[in-house]
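Peer 1: here are the coordinates; sequence isn't available:
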């Protein structure tokens, strides 16, 4: 839970400063991993011998390791390079225990501080617990990944790696391996000659396509999950992994979000304030000013 908080804060150099965020960024994919032997044992138990026969080799050392899962490189007998994502054992009990402790603290704070009641801290933490528990199911992530890949089939905006769904288990999934820099690796992208103006434009278009056309959007887009295909540096595209958290909005929220964005583009900030009050995102008695 605290690693997740660190991941969130790592994306806010405007709040914490560049040096602190660079250190926190290690929590995105450089958390202490499970020992190699333990990870291989989890993979072998999950897949069983019949599925293991499809693998030519599995790397003992992980490529990346985060709060809930870690990723190992592997090669199929067909010669295809893949990655295996496994969920850490006993992680559900730790999440429930740590979140319950935070919820109890928030209840105590809400009983004493009106400001804490006003921001609905306990509700936020309970929602976060629901999201974290959803991340533990690789079946759910596999479904999301298949749908997101279908939404962007043959797209020049976003590439979602192919899933080998016959290997999917509750605590494990297998997908094609991507060799590309993370969105945070600016030096690698500069070396490849990436056109950052095109990349920025595509970032906005990708977001709007996911939200307003598909209403099915990747909701965990920290640099550990978003990569850049530099094959054609003049026309780069995004690559997304870790589809455990997917967002969808109801019709009213979509409507108000669209109107808010238009108001921002038109620099009509009074209308923004009015819309925030109208749609209930802030208390109705908030002064417009």
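Peer 2: Structure received. From a predicted model like this one, the values you see are computed outputs, not experimental measurements. Numbers count the residues shown, from 1 in each chain.
Peer 1: Distance check, residue 198 against residue 204.
Peer 2: Note on residue 198: its distance to residue 204, by Cβ to Cβ, to the nearest Å, is 11 Å. Quick note: C-beta positions are derived from backbone N, CA and C, even for glycine.
Peer 1: what about the two, which has more around it?
Peer 2: residue 198 (15 against 9; other Cβ atoms under 10 Å).
Peer 1: who's in contact with that one?
Peer 2: Residues touching residue 198, when contacts are defined by Cβ atoms under 8 Å, 6 or more residues apart in numbering, comprise 234-236.
Peer 1: Restrict those residues to the buried ones and give me that as a PyMOL selection.
Peer 2: For the buried members of the contacts of residue 198, the matching PyMOL selection, counting by 16 or more other Cβ atoms under 10 Å, is:
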select buried, resi 236
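Peer 1: for the contacts of residue 198, which one is nearest residue 78?
Peer 2: Taking Cβ to Cβ as the measure, residue 236 is the one of the contacts of residue 198 closest to residue 78, at 28.6 Å.
Peer 1: now the residue nearest the centre of the chain, nearest residue through space, not along the chain?
Peer 2: Residue closest to the average C-alpha location in the chain (Cα atoms, centre = their mean): residue 220, at 2.3 Å. Counting by Cβ to Cβ, 6 or more residues apart in numbering, residue 220 lies nearest to residue 245, which is 4.3 Å off, once chain neighbours are set aside.
Peer 1: ok, how many other residues are close to that neighbour?
Peer 2: Residues within reach of residue 245, counting by other Cβ under 10 Å, total 18.
Peer 1: Am I right that it is in contact with residue 221?
Peer 2: No - with contact defined as Cβ atoms under 8 Å, residue 245 does not count as touching residue 221 (9.4 Å).
Peer 1: re the thing from before, looks to me like the residue nearest to the centre of the chain is in a helix.
Peer 2: No - secondary structure assignment (DSSP: H, G, I helix; E, B strand; the rest coil) places residue 220 in coil, not in a helix.
Peer 1: So for the longest helix along the chain, mean pLDDT?
Peer 2: The single longest helix within the chain, with elements called by DSSP state H, is helix 91-110. In this model, helix 91-110 has a mean pLDDT of 94.
Peer 1: Show the subsequent helix or strand relative to it.
Peer 2: Once helix 91-110 ends, the next helix or strand along the chain (criterion: DSSP states H and E) is helix 114-118.
Peer 1: Show me what the lengthiest strand in the chain packs onto, helices and strands only.
Peer 2: Across the chain, the strand with the greatest residue count (assigned by DSSP state E) is strand 55-65. In this structure, strand 55-65 packs against helix 36-52, strand 69-76, with contacts taken as 3 or more Cβ pairs under 8 Å, 6 or more residues apart in numbering; DSSP states H and E.
Peer 1: Helices along the chain, start to end?
Peer 2: If DSSP H is used as the criterion, the helices of the chain fall at 2-10, 13-16, 18-24, 36-52, 91-110, 114-118, 121-134, 138-151, 186-192, 196-208, 251-265, 269-278.
Peer 1: Please work out which of those helices is packed deepest.
Peer 2: The highest average neighbour count among these, using mean count of other Cβ atoms under 10 Å, belongs to helix 138-151 at a mean of 18.
Peer 1: Measure how far that one is from the centre of its chain, please.
Peer 2: For helix 138-151, the gap between its own C-alpha mean and the chain's C-alpha mean amounts to 13 Å (Cα atoms, centre = their mean, to the nearest Å).
Peer 1: can you tell me which residues contact the residue lying closest to residue 25 once chain neighbours are set aside?
Peer 2: Leaving aside its chain neighbours, residue 25 sits nearest to residue 10 (4.5 Å; criterion: Cβ to Cβ, 6+ apart). The neighbourhood of residue 10, defined by Cβ under 8 Å, 6+ apart, consists of 21, 24-25, 27-28, 222.
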